[in-house]
Every structure is written in structure tokens, then in C-alpha cells.
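K.L.:
Here is my input, please return the structure:
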Amino acid sequence: MIDSEPAWCAAEFTLVQRHGGHWTQADAMNLVGSDLNRTAAALRAAGVNLEIEALINALTDLVIEQVMDTNPWREGIIEALADCRAAGLRCALVSMSWRRFTHAVAGLLPGTFDAVVSGDEVTKGKPDPEPYLIGAARLGLPVDCCIAVEDSPTGVASALAAGLPVVVVPGAVDVPLVPGLVKVSSAKAITVDWLRQVHSQLAADRLS
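P.N.:
Predicted coordinates for the structure are as follows:
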């Protein structure tokens with residue numbers, strides 16, 4: 001939904017540098033879309049001398065500061081969400097960021113999301129299916145009535161494991177083309193009619 005990965009990567013480098021550790025671009029890319037507990041554990045191993053919760057809060061503070069000072073929206077995403085809302089589709093934000101961040105982002109588009117699932121509200125984060133199963137439950141919908149929009153291999157794995165077809169909008173890490181997903185060049189391609197067609201086609205592919 002938003003292009004936050006550069007902010008997360010920059011925050012990771014900042015924290016590691018402050019604590020005199022070592023961090024690489026490959027380290028950052030390996031964590032794209034991951035549960036923040038996993039990210040915090042990796043940062044601690046890289047030399048950040050903070051407890052897990054304090055580390056996640058420090059990381060989140062840096063990211064919120066960067067994102068809120070920029071125009072973070074991916075191309076076409078605001079229009080796609082507005083089209084979904086106008087058609088009466090129920091929308092959930094399913095993220096591995098913690099509530100402080102996800103609710104701040106959701107608050108930038110008031111009335112858009114019927115549910116928000118954050119990383120600190122789940123027992124198992126992406127790529128486990130739990131986040132998307134919770135998201136569908138909070139919408140009051142069976143998973144076979146839902147479709148996920150994702151940008152990372154971790155998120156795609158979570159959605160597919162939960163039984164959702166997936167639309168992939170390119171992000172920081174390439175997502176291999178596997179059964180159950182389609183790729184678009186940007187969110188400008190996403191309309192309600194197109195989502196319905198994609199959902200029907202991917203559902204039929206699963207049954208064939």
C-alpha cells in the first residue's frame with residue numbers, strides 16, 4: 001500500500017550504526033515483509049544492544065518519522081482503494097508492522113479499512129497464514145471470498161497458505177510467479193471489475 005521498505009531499511013542501518021554493529025543491504029532485503037520480532041532478533045545479532053520490544057519501538061519511531069514526512073503512497077493505490085470502497089468491498093490492512101505504525105498509516109485514509117491486523121496482534125507472523133486468516137475473520141468473510149494484494153515473497157507465502165489468491169504489486173524484492181498469483185506493474189491496474197475477474201480465474205485454476 002505504501003512504499004515503506006526504504007524507510008525500514010534506512011531505520012535498520014541507522015540503529016545498527018548507532019550501536020557500532022555491521023549491517024548490509026542483503027541483510028535488509030532478507031527481512032522484507034518479515035515479522036518485526038524476527039527483524040529485531042537479526043538487528044540484535046548485528047550489534048544493536050536493546051531488548052526486543054525497545055528495539056522494535058525505536059525502529060518504528062524512525063520509520064514513522066520518515067513515512068509521515070513524505071508522500072508514501074504507491075502509484076494508483078489510493079484510487080484502487082477508493083474504487084473498492086465505492087463498490088462496497090470490505091477492506092483489511094494486514095501488516096507485520098506493529099499497531100503504532102499500521103494505525104498511523106490507516107489513519108491517513110480514514111474510513112477506508114474495516115479491519116487492521118498488526119504484527120503484534122498475531123502469534124505467528126508472515127509467512128504463516130495466521131495474519132490473513134485473522135484478517136478474513138475480522139471482515140466476517142470466508143477466505144475464498146477474499147483476495148490479497150502483496151509486494152513481498154513473505155507476504156505472498158502467507159496469503160497463499162491462508163487460501164487467498166494474490167495480486168502482486170512489485171516492491172523491493174522480486175516475487176517469483178507461482179500458481180495462485182498474478183503480477184501487475186502498478187496498482188493503477190487494480191479496479192473492482194478487474195479484481196473480480198482475477199479472483200474468479202485464480203479460483204478456477206485452483207480447482208482445475
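K.L.:
can you map out the strands along the protein?
P.N.:
Under the criterion DSSP state E, strands of the chain are mapped to 92-94, 115-117, 148-150, 166-168, 181-183.
K.L.:
tell me the domain ranges of this protein?
P.N.:
Per automatic domain parsing, the structural domains of the chain span 5-68, 77-207.
K.L.:
Next, work out how far apart the closest residue to V67 other than its chain neighbours and M68 are.
P.N.:
In space, V67 comes closest to A7 once its chain neighbours are excluded; the distance is 5.3 Å by C-beta to C-beta, 6 or more residues apart in numbering. Placement of C-beta: from N, CA and C, glycine included. Between A7 and M68 the computed distance is 10 Å (C-beta to C-beta, to the nearest Å).
K.L.:
repeat for A115
P.N.:
Applying C-beta to C-beta to A115 and M68 gives a distance of 22 Å.
K.L.:
higher neighbour count, the two?
P.N.:
Taking other C-beta atoms under 10 Å, A115 and M68 do not tie; A115 has more neighbours (18 against 12).
K.L.:
can I assume that one is in contact with R138?
P.N.:
Yes - A115 lies in contact with R138 (C-beta atoms under 8 Å); the separation is 3.6 Å.
K.L.:
What ranges does the chain have for its helices?
P.N.:
5-18, 25-29, 36-45, 52-68, 77-86, 99-106, 130-139, 153-162, 192-207 (DSSP state H).
K.L.:
export the strands of the chain to TSV and tack on distance to L59?
P.N.:
Formatted as TSV, the strands of the chain follow (distance: least, C-beta to C-beta, whole Å):
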stretch	distance to L59
strand 92-94	19
strand 115-117	19
strand 148-150	22
strand 166-168	25
strand 181-183	29
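K.L.:
Since that was my last question, I'll sign off now.
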